[in-house]
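**Q** Predicted model follows, preceded by the sequence.
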Amino acid sequence: MEWQLNISKLNKFLSAVLNTGQFDILKLGFANLNEDLSELANEEQLYMPSIDLDELNEMSVSSLLRIKTRVHLPTDIVRFYASTEGSVAYRLSSGFIFLQALYEILEDDTLNRESLNELQSDLVRRVTNYSQEILQKSNRTGGQVPEFKSSLEQTAIMCAERNTDYEKLIKPKELISTLEGVLGSLDGKITPDIQPLRHFMEITRETGPSGYFASMPAHIPSLKCFGVKILTLYPSKFICLPITIQMKNLASKSKFVDWVRLSVTGGNGGPGGTMVQWSIDTKYGVPCGGDGGRGGDVRMLASRSVSNLGELKTGYKAPDGRLGKKNRIPGTHGEHILLPVPLGTVVKDGYGNIMGDLLKEDSELVVARGGDGGMGNHNYSVLGKKYRFERGLGDLGENRWIEAEMKTIAAVGLVGFPNAGKSTLLRAISRARPKVASYPFTTLRPYLGAVEYLDQSQIIVADIPGLIQGAHLNKGLGHSFLRHIERCTALVYVLDLDQVTMKCSPGEQLMHLREELRLYQPEFMNKIVAVVANKVDLVDEWEYSLEGENVLAISAENGLYIDEFRILLKSNEATSYPSHSSTVLLYENVTGQLITQLDGDPITNNRTAAISAIAMKHLTSKESNNLVLVVLGSSNQAKSHVRYLTAVKDFKEIRMWSRNADNVNKCISYLQQTHNINTPLIPYSSAEEACTDADVIVTVTLSKDPVVKGSWLKQGAVIICVGACRPDWRELDDELMLNSAIYADSVQSAKAESGDIILSGSTDRIECDLCHIVKEGERDWRGDNKFILFKSLGMAIQDVASAHLIYSNYISK
Ligand SMILES: NC(=O)C1=CN([C@@H]2O[C@H](COP(=O)(O)OP(=O)(O)OC[C@H]3O[C@@H](n4cnc5c(N)ncnc54)[C@H](OP(=O)(O)O)[C@@H]3O)[C@@H](O)[C@H]2O)C=CC1
Ligand SMILES: O=C(O)C1=NCCCC1
Ligand SMILES: [Mg+2]
């Protein structure tokens, strides 16, 4: 029987899993279907390998085994990998999910869960037997290939080591020659990298387009290993909103109340005891009544789990202390009443005097003290018969009116004109369910939502009621909502891009919003601000900056760029995250045992530069020396490219440009101090000036728009384009693209992923893969073209070969 997967059902299933919000990406490991998938990518149906349920023949078991070994499944047939925020890759118990998926999507309705469970055990048993047979045939005794034996302990140590140590294990010249060797051995056959995943990436993009890449498993027969790289990319890093406030468990069902007046009364002190202990020695006995217990206090307790003051009643009275007991034992104290209030609550007495400011989690403020207990008669024992029943009655508890007011209600306030979509946005990023309707002032009081992150942190966002022009004069909801803004640490201006509902152009909206806030309180201008343009799905084109501000275009309704927005809110941390983070998993070829798991970031930084160095070495003539190198960009790739390119060529000077001049200076000091780069490194404030008369230009930016123009460059210039890794991003303009002889590390990836190639209409103009260049040796690579361009996108095989080299260096250390 042939299992036929229905794509639309599969999509539905994957979307449903993704929509649980627990996973950012699911990779379905049809590992042995690389070729088939790329061929079938545009077709309606995907096919599972042929499996004869009645009699599993060797062929089908072998194909299953290949799936098993490729994706390293101890008990299952296919595994889902989930790459979470921060790029922690982990595995799900896949068999169950997979079979459930199959159950949902198989055309054959007669299959039920039990029969699938049976099928799974049967397959696993057969696959296990078969793999043992293979191992025996190949004279292997254990589960591991001898050279990797007993390496797992070291692997664990290695995984725990820091990036800097990884860097020490990578020497530019060694990595360059290793990768050149691997490229030379490829014989023109390159594992398709990204293409087979495109289908699944599309699903991911639809459900949350945060830009996740994953390289398919790459086999390197000569190295006896294969591997996978999982990479996440946070392109929203370009907007920063430093926020540190985090709160927890905000889901309060109560009405939103930010001010209350209530009466509080401490418990009265309990009366002292009047017991007398009789004895033969004393005529009247010995008084032994204990002191009365203290009355309980009424206290306020700052708690992250409370969102507003709506749970508070109008009055509280704490329990009284109890009567003192015999044998001088004090009476029980009255219990304190703890009133949980949100962090940032300010408490005043009835005269407006501030009693306290509850800023820290678990801080307490006594708002009505309980009375002291009265003295028990044992205190009066010396007074003889007359006073032996004397005692104190206990003090009354304090009683007062107090006012509690929330000062900080949210870290972030969403500010925008009515119907800009703030409530929809809050719904999209949190579990808050504010009313949404397209008439002004749907939101009459701020709704709060907790934006939750996988690291358990939360940021509280308030949907501030719609603002109208003249609000500072108390028009509309005027001051009542401007007061809320006062309490937010940061503001996000939400602009309306919908021609139908917008009051004025997005630029004017931003101007008016700012003006209203400024007129109400000039200090508002000091607040940290970000700008988002909502309803981007309704417009054809959108500028990404307005009045000098970066603007994040989103669609709250359709969930477009909502992940980016969530990250923007957390960008205090997000800016300290690298824009790319990755993990490389290295497996042993035959048994599929995991050899090691490596931090992919140093691998990415080094191998990409090594590949560029190989390309540059071949694409520039051997004799050429003392060239001028330009590096556009100043971060990881800029640093590694200077190191690797100088390892294969001598340059007269290296010109460095980046949007931010400080970054260039930092990059230069790092290269000089840490890597002793002796070639003059010269900062440039204009990319055009830097590129004029340059021989080699490297673009390593996160730009979405061209940073180099063909008109700037001299004939014969070699351009190494490393950024613009998405089909809609550019680093190079059309003139440059159309006048270049184009090469790529993988033609297939470049055609599918490079915005420069796709948008300039150059998909059919790519000459060949890097492995052909390496094999062919020196020739005229430019032909009739003005420039030579190498487009790098990165391939799994480069990661795997580099990971293998690092690992080998590590174990031989
Ligand atoms: N081909 C491949 O195999 C690989 C490609 N890459 C790509 O290389 C590029 C650099 O990577 P990496 O150094 O790790 O990235 P980082 O995020 O660390 O650095 C980004 C760099 O781009 C600059 N930049 C950001 N936005 C813009 C913009 N709008 N215009 C101009 N410059 C901008 C930044 O400098 P400043 O803030 O000063 O502007 C910074 O120097 C990325 O595009 C990445 O995707 C990465 C790994 C592998
Ligand atoms: O590591 C890779 O390969 C990358 N490719 C595209 C851009 C980001 C990193
Ligand atoms: Mg890549």
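**A** Great, that's in hand. Numbering: from 1, shown residues only. Ligands and ions are numbered 1, 2, ... in the order given.

**Q** In the chain, what residue lies closest to ligand 3?
**A** The chain approaches ligand 3 most closely through G794 (2.9 Å), counting by C-beta to the ion. C-beta coordinates here come from the backbone N, C-alpha and C atoms, glycine included.

**Q** To what extent is that residue buried, counted in neighbours?
**A** G794 has 24 neighbours, counted by other C-beta atoms under 10 Å.

**Q** which ones are touching it?
**A** Applying C-beta atoms under 8 Å, 6 or more residues apart in numbering to G794 gives the contacts S215, T604, R607, T608, I611, C725, D745, S749.

**Q** got a winner among these for most neighbours?
**A** Neighbour tally across those (other C-beta under 10 Å): the maximum, 31 neighbours, falls on R607.

**Q** I'd assumed D799 was in contact with that residue.
**A** Yes. Under the criterion of C-beta atoms under 8 Å, R607 makes contact with D799 at 6.2 Å.

**Q** can I assume R518 sits in a strand?
**A** No. R518 is assigned helix when assessed by DSSP: H, G, I helix; E, B strand; the rest coil, not a strand.

**Q** Mind pulling up the pLDDT for T84?
**A** pLDDT for T84: 19.

**Q** And for G227?
**A** Note for G227: predicted pLDDT of 74.

**Q** Report the secondary structure state of it.
**A** Classification of G227 by three-state DSSP places it in strand.

**Q** For ligand 2, state which of the contacts of G794 is nearest.
**A** Checking the contacts of G794 against ligand 2 by C-beta to the nearest ligand atom gives C725 as the nearest, at 3.3 Å.

**Q** So the closest one is in contact with I757, correct?
**A** No. Shown here, C725 and I757 do not form a contact pair, counting by C-beta under 8 Å, at 11.2 Å.

**Q** Any idea how many residues pack against G184?
**A** G184: 11 surrounding residues under other C-beta under 10 Å.

**Q** Please work out how many residues are found near the residue nearest to it when sequence neighbours are not counted.
**A** Spatial nearest neighbour of G184, chain neighbours left out: V774 (5.3 Å); criterion: C-beta to C-beta, 6 or more residues apart in numbering. Applying other C-beta under 10 Å, we find 20 residues neighbouring V774.

**Q** Find the closest residue to ligand 2 in the protein.
**A** For the chain, C-beta to the nearest ligand atom, closest residue to ligand 2: G794, 2.1 Å.

**Q** mean confidence for stretch 527-543?
**A** On average, stretch 527-543 scores 78.

**Q** Quick one: name the residues of this protein near ligand 3.
**A** By C-beta under 5 Å from the ion, the part of the chain that sits against ligand 3 consists of L793, G794.

**Q** domain parsing for the chain?
**A** Split into domains by automatic domain parsing, the chain comes to 7-137, 259-408, 412-570, 599-806.

**Q** So for L183, which of the ones you listed sits nearest?
**A** When the domains of the chain are compared by C-beta to C-beta, domain 599-806 sits nearest L183, at 4.4 Å.

**Q** hmm, that closest one in reach of ligand 1?
**A** Yes. Using C-beta under 6 Å from any ligand atom, domain 599-806 reaches ligand 1 at 604, 608, 633-638, 658-660, 663, 700-703, 707, 722-723, 725, 792-794.

**Q** Just the buried ones among those residues, please.
**A** 604, 608, 633-638, 658, 663, 700-703, 707, 722-723, 725, 792-794 (16 or more other C-beta atoms under 10 Å).

**Q** three-state assignment of Y670?
**A** Here Y670 is recorded as helix under three-state DSSP.

**Q** That one against K639, yeah?
**A** Yes. Counting by C-beta under 8 Å, Y670 touches K639, with 6.2 Å between them.

**Q** So Q597 sits against S582, correct?
**A** No. In this structure Q597 lies outside contact range of S582 using C-beta under 8 Å: 11.2 Å.

**Q** So which residues of the stretch 651-800 of the chain form strands?
**A** Secondary structure of the stretch 651-800 of the chain (DSSP state E, counting those that start in this stretch): strands at 651-657, 681-683, 696-699, 718-721, 740-744, 766-769, 787-791.

**Q** for the stretch 451-600 of the chain, same thing?
**A** Here the stretch 451-600 of the chain has its strands, by DSSP E, counting those that start in this stretch, at 458-463, 490-496, 528-534, 545-546, 549-553, 580-588, 594-599.

**Q** next structured bit after the last one?
**A** The reference is to strand 594-599. Heading C-terminal from strand 594-599, the first helix or strand you meet, by DSSP states H and E, is helix 600-619.

**Q** Give me the angle between the helix or strand following that following helix and helix 600-619.
**A** Later in the chain than helix 600-619, the nearest helix or strand by DSSP H and E is strand 627-632. Strand 627-632 and helix 600-619 are oriented at 140 degrees to each other (axes from the mean of the first three to the mean of the last three C-alpha atoms, to 10 degrees).

**Q** Could you list the low-pLDDT ranges of the stretch 151-300 of the chain?
**A** Applying pLDDT under 70 to the stretch 151-300 of the chain flags the ranges 151-166, 187-219, 221, 230-256.

**Q** again, 90 this time
**A** Applying pLDDT under 90 to the stretch 151-300 of the chain flags the ranges 151-170, 182-260, 274, 276-287.

**Q** Not including adjacent chain positions, what is the nearest residue to G394?
**A** G269 (3.0 Å).

**Q** Would you mark the buried spots in stretch 650-664?
**A** Buried residues in stretch 650-664, counted by 16+ other C-beta under 10 Å: F651, I654, R655, M656, W657, S658, N663, V664.

**Q** Quick check: of the residues you listed, which lies closest to N327?
**A** N663 (76.8 Å).

**Q** any idea how far the closest residue to the closest one other than its chain neighbours lies from I806?
**A** Spatial nearest neighbour of N663, excluding adjacent residues (C-beta to C-beta, 6+ apart): S634 at 3.9 Å. S634 sits 25 Å away from I806, taking C-beta to C-beta, to the nearest Å as the criterion.

**Q** How about R369?
**A** Distance, R369 to I806, using C-beta to C-beta: 66 Å.

**Q** same deal with G507?
**A** Separation of G507 from I806 (C-beta to C-beta): 50 Å.

**Q** got it, and G273?
**A** For G273, the distance to I806 - C-beta to C-beta - is 78 Å.

**Q** next one: H580
**A** Separation of H580 from I806 (C-beta to C-beta) stands at 18 Å.

**Q** More neighbours: which of these two?
**A** A direct count of neighbours by other C-beta under 10 Å for H580 and I806 places I806 higher, at 27 against 22.

**Q** The more buried one reaches E167, doesn't it?
**A** No. Assessed by C-beta under 8 Å, I806 is found out of contact with E167, at 9.6 Å.

**Q** picking that back up, so which of the strands of the stretch 451-600 of the chain is the most surrounded?
**A** Highest mean neighbour count of the strands of the stretch 451-600 of the chain: strand 458-463, a mean of 27 (counted as mean count of other C-beta atoms under 10 Å).

**Q** partners of that strand, with directions?
**A** strand 412-415 (parallel), strand 447-452 (antiparallel) (DSSP bridges).

**Q** Fine by me, thanks again.
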